[in-house]
Each structure stands twice: as C-alpha cells, then as structure tokens.
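A.B. asks: Coordinates for the following, if possible.
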Amino acid sequence: MTTSPVTLAIASDHAGYDVKEQIRHALEGRYEIIDLGAHSTESVHYPDFGASMADAIITGRATRGILICGTGIGISIAANRFQGVRAALCTDTTMARLARQHNDANVLALGARISGMEVMMDCVTIFMDTAFEGGRHGTRVAMLDRQGKE
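C.D. replies: Residues are numbered from 1 along each chain as shown. Predicted structure coming up:
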C-alpha cells in the first residue's frame, strides 16, 4: 500500500481489541488513522462502536473504516443501521475485493474469533487497495442510498 488521502477510522469492542491494535500499528504511516476505541480488553458494548464508526463515515471525518468484534456480525449490523454506511463482513480476500468493487463498501468488518491474523491483514490490504467499479454496481449502490428516504 502507498500513502493515500484516505482517512481511516478503526474501532472494535473488547473481543477485537488486540486485532485492532495490530491492524492500527501495521497501517500507521500509510493512512491518517482515527482510533475510535475500544482502548482495552475490558468488556464494552459493540453497538456503541458501530455507531461511532457510522458517525465518522457520515460526517466525513473518515472515508473508510475497519470494525472488529468477536465474529464481526454484531458490529457490522450496528454500523449498517445508519444511512450512508456500507459495512461488509469479510472472511476472505475475495469477499473484501468484491465488497469494494461491487458494493462500494466503506467499512470492513472482521471477526477476531473467526479469521486468523494473516487472513484479516490480507483482507485489510485488499479492501484498502481496491477501487469501486461503478457502472451497473453504481446503480445498485444508489438504490441502497435511497432506501429509507422514500
């Protein structure tokens, strides 16, 4: 990866804390990083961190995000409750690539208890390096953005 104007927010609950820290350290210097917490392995509530991520994306403080909890499921559901957030739970690089190419996902969700660290780092790399294809996929993403507004 190269230096990019992307501002990356990263957040986790307690189950994802160690993975969040490893990813944050690996990406420092490549992106401007906003660490939204958690800041320890002390028990916290994943919906709070999904909402913090959504706020960072919606307000434009961050252009992309990475969320981590035990499975990635709860925290991605929490973030996806907000208009304009497209959080994709990915367990392999094909999912990470297609989440960006076809769905213009702006948040990558990972499961700390599901995938190994090497696979998660590969997903992060692919997610950050892959562009949205647009075209027919752009039409579908626009449909998602309109949902709930009609």
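A.B. asks: Give me the below-cutoff pLDDT ranges for the protein.
C.D. replies: Low-confidence segments of the chain, defined by pLDDT under 70, are located at 1-4, 148-150.
A.B. asks: Swap in 90 and give it another go.
C.D. replies: 1-6, 133-150 (pLDDT under 90).
A.B. asks: where exactly do the strands run in it?
C.D. replies: Using DSSP state E, the strands of the chain run over 7-12, 32-35, 64-69, 87-89, 107-111.
A.B. asks: quick one: the third one to chain centroid distance?
C.D. replies: Strand 64-69 has its C-alpha centroid displaced from the chain centroid by 3 Å (Cα atoms, centre = their mean, to the nearest Å).
A.B. asks: so what's the closest residue to Val19 other than its chain neighbours up against?
C.D. replies: In space, and not counting its chain neighbours, Val19 is closest to Ala112: 4.4 Å by Cβ to Cβ, 6 or more residues apart in numbering. C-beta: built from backbone N, CA, C; applies to glycine. Applying Cβ atoms under 8 Å, 6 or more residues apart in numbering, one finds that Ala112 lies in contact with Ser12, Ala15, Gly16, Asp18, Val19, Ile68, Cys69, Gly70, Gly72, Met120.
A.B. asks: what does Tyr17 give?
C.D. replies: Ala38, His39, Ser40, Thr41.
A.B. asks: Please spell out which residues along stretch 42-56 are buried.
C.D. replies: Buried residues in stretch 42-56, counting neighbours by 16 or more other Cβ atoms under 10 Å, are found at Val44, Tyr46, Asp48, Phe49, Gly50, Ala51, Ser52, Met53, Ala54, Asp55, Ala56.
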